[in-house]
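Engineer: Just to be clear, the model below is a prediction. Sequence and coordinates:
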Amino acid sequence: MTFHDRALSSIGVFPKKVLPDLRFEKEKDFGEYIGYLVSYNLEEDERVASIILKPKNDTGRQPAILAIHQHNDEYHLGKSEVAGWDVNGNLPQLNPMYAYGQDLVKRGYVVICPDMLCFEERHDQHIINSERDAAGHEIFEFTKRIQLGSSLLAKYLHDMSVAVDMLCTLDYVDSSRIGVIGHSLGGQSSLYMTWFDDRIKVGASSCGFSTLSTILRDRINHNKSMYIPGFSSYADTYDVLCDIAPRAFAFTAGNSDIIFPIDGVHEVITKAEERYANLCISDRFKAHLFDGGHSFKDSEKSVLYDFIDRILM
């Protein structure tokens, strides 16, 4: 059994795809680009909203990006923060540091920004009200899926793959040039999505991972989609990244990020550099370490954006 097959088996049962029935619900002109609020089916009994950002130009089919939001225990935020657009007009001020979807549409990409399960429009108000803790919904979704032989990561990968399906239906998207990017939870999700879906030609992660062994060693709690039943008995994060090759991947990490131990990050870099070098494609992998903590500042954005441009533009 290959590593890929074994890991998929550990991740567990995936939801079944259904006819998506993509609908455009709302449109806003931002000057340089147009924003669309869209909805589509994820599962037979689940319909969700996402934001699509489209550049204002007429250059034929354009490259596209799946942009995944962070966690930060801010369950009220999701797609709107990444898109820089409070579509329902009821959120607090959005942090422009994490509006990387908005950044990328200005660079010429069609961008889709979905809510991950438990965030923004996808949190269960009944659970939040009854447990007085928004994190209760994430815990419930995680434990429910473990009981059913699945995992929260399986759900996230399914949902992200449907978002990519939506991009591929658009007549202004070049389906051969698709990437994924995210910060924190989004960075972790970018790693696994690049590994999972070979339509992704380049992945980019900001402060998204270290080795699982160092995270467990330091007793750091993380988002529940990080946990895969039995995975640490035969693999670690670097195995996922190495299995992405020969497709391209870049990531940034802060040397004082308290939730991703830097010695584990160095171990990931060493393994990945060796893998890409052995394939004679060292230019398709990049790791950028910076002085600082858990953030996605302009200096780190430029590293990842330039890397994506080199692969997709």
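Structural biologist: Received the coordinates, thanks.
Engineer: residues contacting Ala83?
Structural biologist: 35, 51, 53, 67, 99, 101-102, 111, 113 (C-beta atoms under 8 Å, 6 or more residues apart in numbering). C-betas here are computed from N, CA, C, even on glycine.
Engineer: Hmm, I typed the wrong one, I wanted Ala64.
Structural biologist: Listed by C-beta under 8 Å, 6+ apart, the contact partners of Ala64 are 109-112, 167, 170, 173-175, 177-179.
Engineer: Per-residue pLDDT of it, please?
Structural biologist: Ala64 is assigned 98 on the pLDDT scale.
Engineer: ranges for the strands of the protein?
Structural biologist: Under the criterion DSSP state E, strands of the chain are mapped to 23-29, 33-43, 46-55, 62-68, 110-114, 173-183, 200-206, 248-254, 285-290.
Engineer: Let's have the ones you listed in TSV, adding distance to Tyr238.
Structural biologist: Formatted as TSV, the strands of the chain follow (distance: least, C-beta to C-beta, whole Å):
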stretch	distance to Tyr238
strand 23-29	41
strand 33-43	31
strand 46-55	31
strand 62-68	21
strand 110-114	27
strand 173-183	19
strand 200-206	13
strand 248-254	12
strand 285-290	11
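Engineer: how about these, which one is nearest Thr214?
Structural biologist: strand 248-254 (12.3 Å; C-beta to C-beta).
Engineer: What strands flank the closest one, and is each parallel or antiparallel?
Structural biologist: Strand pairing for strand 248-254, determined by DSSP bridges: strand 200-206 (parallel), strand 285-290 (parallel).
Engineer: what mean pLDDT does the shortest one have?
Structural biologist: Over the span of strand 285-290, the pLDDT mean works out to 98.
Engineer: What of the longest one?
Structural biologist: In this model, strand 200-206 has an average pLDDT of 98.
Engineer: Quick one: work out the angle between that strand and strand 173-183.
Structural biologist: Angle, strand 200-206 to strand 173-183, by axes from the mean of the first three to the mean of the last three C-alpha atoms, to 10 degrees: 20 degrees.
Engineer: in strand 200-206, what counts as buried?
Structural biologist: 200-206 (16 or more other C-beta atoms under 10 Å).
Engineer: okay, the angle between it and strand 62-68?
Structural biologist: Strand 200-206 runs at 40 degrees relative to strand 62-68, counting by the same axes, to 10 degrees.
Engineer: which outside residues touch strand 200-206?
Structural biologist: Where contact means C-beta under 8 Å, 6+ apart, the residues beyond strand 200-206 that reach it are 66, 164, 176-184, 186-188, 190-191, 193-194, 244, 247-252, 296, 300-301, 304, 307-308, 311-312.
Engineer: In contact with the nearest residue to Lys286 once chain neighbours are set aside, which residues?
Structural biologist: Excluding its sequence neighbours, the residue lying closest to Lys286 (C-beta to C-beta, 6 or more residues apart in numbering) is Ala250, at 4.0 Å. Taking C-beta under 8 Å, 6+ apart, we find Ala250 in contact with 202-205, 285-288, 303-304, 307-308.
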